[in-house]
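Visitor: need a structure here:
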Amino acid sequence: MRTSAAAGTAPDHEVAIVGAGFSGIGAAIALDRAEIDDWVMIEAGDGVGGAWHWNTYPGVAVDIPSFSYQFSFAKRSDWSRIYASGAELKRYAEDLVDSHGLRSRIRFDTKVGGAAYDEEGHLWRLDTDRGEVTARFVIGATGVFSQPKLPDIPGVDEFAGTTAHTARWDHDLELAGKRVGVIGTGASAVQLVPSIAPEVEKLTVFQRTPIWCLPKPDGPIDGARRWALENLPGAKLATRLASQLYVELTFPLPAHFNGVIPLGKQGERVGRRFLREEVDDPVVRDRLTPRYGLGCKRPGFSNEYLATFNRGNVELETTAIEAVTAAGVSTIGDRLHELDVLVLATGFKVFDRGNMPPYPIKGRSGLDLEEWWDENRFQAYEGVSVPGFPNLFAILGPYGYNGASYFQLIETQVRHICRCLRHARKERATAIEVTREANDRYFRQMLDRRTHQIFFQDTCADANSYYFDRHGDVPLRPSPSVETHWRSARFDLDDYRFERRLSPAPAGSHR
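Guide: A predicted model of the protein is given here:
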């Protein structure tokens with residue numbers, strides 16, 4: 001990869017967006033609205049939708065109400081259910097791309113292998129498997145629920161039957177009459193298990209840590225409900241506000257302000273009562289009972305998962321796995337569970353190496369982002385920018401997401417990014433870099449709020465939560481949603497340095 005720009009050359013595009021999930025789609029729409037239309041979107045897959053393009057396992061659906069899981073500027077009333085299916089979210093992504101005229105500027109089947117900042121040219125060089133792409137600014141929109149995480153279990157590659165991961169489901173896979181094992185009891189398993197249990201001969205669920213499973217206020221949106229949404233004045237807005245409040249009360253407030261607003265305890269009472277009502281066998285019920293506080297790890301919402309363990313063909317195995325063999329899964333004590341199909345519901349790379357960042361990124365003087373985070377812990381100003389990496393912005397950077405709707409996060413972060421880009425145009429700046437002082441100030445603010453977060457209470461010690469990174473931090477933003485909105489629109493632009501490169505003029509400066 002070249003390290004300097006030839007004098008007088010301009011980048012291929014003003015902005016490169018990496019990722020065509022909802023983060024990338026939201027960024028592209030916002031850029032067009034800001035009249036920054038010289039952008040390209042680079043996507044490794046062959047379609048849009050991100051997590052909803054890759055995750056197509058049986059039962060896949062959104063786990064917050066659809067009225068919150070959508071853009072505020074593209075609210076729909078034609079969801080089939082309160083909690084939309086994965087297929088509907090995929091269609092929503094396709095509709096947004098087509099209705100906003102984005103598709104022609106998306107490069108599909110193009111994987112970014114690395115990025116390097118050209119200090120002389122004030123631009124980024126993206127190394128892709130289809131050649132180099134240069135851009136003045138880069139927006140990282142790769143998300144966190146796309147790259148499958150394989151379990152660290154001896155022999156997992158030696159299984160002689162069929163192995164599937166929920167994040168890369170094979171729809172030619174036949175489960176009817178098969179002996180199926182599912183490793184994992186996270187959010188994906190909560191949806192998958194009840195969906196496949198009726199068709200398999202035997203289903204064994206291997207559980208390391210039980211999940212808090214809460215009742216799901218779901219139901220079809222048809223008849224009177226649909227008529228009201230489509231015809232009553234203010235119905236869409238009122239429904240969205242109620243949905244947003246529900247989402248705020250079920251995670252951001254109880255998780256980040258547990259020491260002030262003890263909503264988690266009330267949620268735990270609901271969860272335990274639901275467990276008693278749903279599971280008949282007291283021994284199985286006890287094994288499904290979490291020993292950590294609600295909010296320590298991502299909870300599940302399902303009206304079918306717990307009751308599935310009442311079925312005669314479903315077994316809950318809580319003895320630790322010793323190894324995977326050619327014949328099946330062996331647990332400690334030499335019990336072999338013979339299987340025809342092994343399903344890995346083991347989640348995704350989140351704060352793991354290879355996902356954050358998703359490819360090698362070199363900033364000023366060759367500074368490596370992964371190494372910088374290793375040495376300094378995960379941090380980013382407002383979850384967007386990192387000092388030493390000019391012109392690079394993230395939708396889902398450390399301490400950006402507060403646990404509410406991802407669509408809320410996308411709109412918040414894109415508002416922040418567009419403020420920076422518009423100011424750069426005003427100043428005719430070609431380089432934007434957050435100051436170290438501003439970054440350090442924000443990081444201290446985030447750490448100072450740990451006192452009231454559920455994650456750092458003793459009750460989370462046994463949660464085995466992916467919220468925790470390799471430094472023992474939880475890089476979620478401890479803020480109510482209203483604060484994230486406020487700060488994205490009002491952060492001090494002086495927290496950034498805006499530099500001008502005299503030649504050539506920045507792309508798009510003719511506007």
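
Visitor: where do the strands sit along the stretch 251-400 of the chain?
Guide: Taking DSSP state E, counting those that start in this stretch as the criterion, the stretch 251-400 of the chain carries its strands at 300-301, 314-317, 321-324, 328-331, 335-338, 341-344, 361-362, 392-394.

Visitor: and what of the stretch 51-200 of the chain?
Guide: For the stretch 51-200 of the chain, strands defined by DSSP E, counting those that start in this stretch occupy the ranges 106-107, 112-118, 123-128, 131-140, 162-165, 179-183.

Visitor: would CSV of those with distance to Ile361 and mean neighbour count be doable?
Guide: No exception for glycine: its C-beta is placed from N, CA and C like everyone else's. Compiled in CSV, the strands of the stretch 51-200 of the chain are given as follows (distance: least, C-beta to C-beta, whole Å; neighbours: other C-beta atoms under 10 Å):
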stretch, distance to Ile361, mean neighbour count
strand 106-107, 19, 17
strand 112-118, 5, 20
strand 123-128, 9, 23
strand 131-140, 8, 22
strand 162-165, 26, 19
strand 179-183, 32, 24
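
Visitor: quick revisit: need the winner for burial among the strands of the stretch 251-400 of the chain.
Guide: strand 392-394 (a mean of 26; mean count of other C-beta atoms under 10 Å).

Visitor: ok, then the element right after that one?
Guide: Using DSSP states H and E, the helix or strand that follows strand 392-394 in sequence is helix 406-427.

Visitor: by contact count, what packs against the next helix or strand after that next one?
Guide: Remark: after helix 406-427, the chain's next helix or strand is strand 431-434, criterion DSSP H and E. Contacts defined by 3 or more C-beta pairs under 8 Å, 6 or more residues apart in numbering; DSSP states H and E place strand 431-434 against helix 406-427, strand 496-499.

Visitor: next, format these as CSV and append mean neighbour count, distance to Thr451 and mean pLDDT.
Guide: As requested, the helices and strands packed on strand 431-434 are exported to CSV (neighbours: other C-beta atoms under 10 Å; distance: least, C-beta to C-beta, whole Å; pLDDT from 0 to 100):
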stretch, mean neighbour count, distance to Thr451, mean pLDDT
helix 406-427, 20, 24, 97
strand 496-499, 17, 30, 98
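
Visitor: and of the ones you listed, who's closest to Arg441?
Guide: Proximity to Arg441, assessed across the helices and strands packed on strand 431-434 by C-beta to C-beta, is greatest for strand 496-499 (13.1 Å).

Visitor: what lines up beside the closest one in the sheet?
Guide: Here the strand partners of strand 496-499, with direction, are listed using DSSP bridges: strand 431-434 (antiparallel).

Visitor: pull the residues that contact the strand it pairs with.
Guide: Contacting residues not belonging to strand 431-434 are listed as 122, 137, 381, 384-391, 420-421, 424, 495-501 [C-beta atoms under 8 Å, 6 or more residues apart in numbering].

Visitor: try it again at 6 Å.
Guide: When contacts are defined by C-beta atoms under 6 Å, 6 or more residues apart in numbering, strand 431-434 is touched by residues 122, 381, 385, 387, 390-391, 420, 424, 496-499.

Visitor: and those, which two are the farthest apart?
Guide: Longest distance between any two of the contacts of strand 431-434 is 19.5 Å, between His122 and Tyr381; criterion C-beta to C-beta.

Visitor: which one of the two is surrounded by more residues?
Guide: Tyr381 (25 against 22; other C-beta atoms under 10 Å).

Visitor: for the more buried one, give me its contacts.
Guide: So Tyr381 contacts 434, 438-439, 442 (C-beta under 6 Å, 6+ apart).

Visitor: what's near enough to touch the residue nearest to the spatial centre of the chain?
Guide: Centroid-nearest residue in the chain: Val144, 4.1 Å away (criterion: C-alpha atoms, centre = their mean). Val144 makes contact with Val350, according to C-beta under 6 Å, 6+ apart.

Visitor: next, give phi and psi for it.
Guide: Backbone torsions for Val144, taken as degrees, to the nearest 10, come to phi -130, psi -10.

Visitor: can you give me the pLDDT of it?
Guide: What the model reports as pLDDT for Val144 is 78.

Visitor: ok, now the one 4 residues further on?
Guide: We have a pLDDT of 84 for Pro148.

Visitor: neighbours around it, how many?
Guide: Neighbour tally, Pro148, other C-beta under 10 Å: 16.

Visitor: all the helices of the chain, residue numbers only.
Guide: 22-33, 51-54, 86-99, 187-196, 223-231, 235-250, 252-256, 263-278, 282-287, 369-376, 406-427, 436-448, 481-490 (DSSP state H).

Visitor: any chance of those in JSON lines, plus distance to Gly354?
Guide: Output for the helices of the chain, formatted as JSON lines (distance: least, C-beta to C-beta, whole Å):
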{"stretch": "helix 22-33", "distance to Gly354": "18"}
{"stretch": "helix 51-54", "distance to Gly354": "16"}
{"stretch": "helix 86-99", "distance to Gly354": "24"}
{"stretch": "helix 187-196", "distance to Gly354": "20"}
{"stretch": "helix 223-231", "distance to Gly354": "42"}
{"stretch": "helix 235-250", "distance to Gly354": "30"}
{"stretch": "helix 252-256", "distance to Gly354": "27"}
{"stretch": "helix 263-278", "distance to Gly354": "32"}
{"stretch": "helix 282-287", "distance to Gly354": "33"}
{"stretch": "helix 369-376", "distance to Gly354": "9"}
{"stretch": "helix 406-427", "distance to Gly354": "21"}
{"stretch": "helix 436-448", "distance to Gly354": "23"}
{"stretch": "helix 481-490", "distance to Gly354": "27"}
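
Visitor: of all the ones you listed, which one is nearest Val112?
Guide: The closest of these to Val112 is helix 22-33. By C-beta to C-beta, the value is 12.2 Å.

Visitor: next, the buried residues of that closest one.
Guide: For helix 22-33, the neighbour count (16 or more other C-beta atoms under 10 Å) marks 22-31 as buried.

Visitor: dump those into CSV; add distance to Arg311 as well.
Guide: CSV is the format used below for the buried residues of helix 22-33 (distance: C-beta to C-beta, whole Å):
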residue, distance to Arg311
Phe22, 35
Ser23, 38
Gly24, 41
Ile25, 40
Gly26, 41
Ala27, 44
Ala28, 45
Ile29, 45
Ala30, 47
Leu31, 50
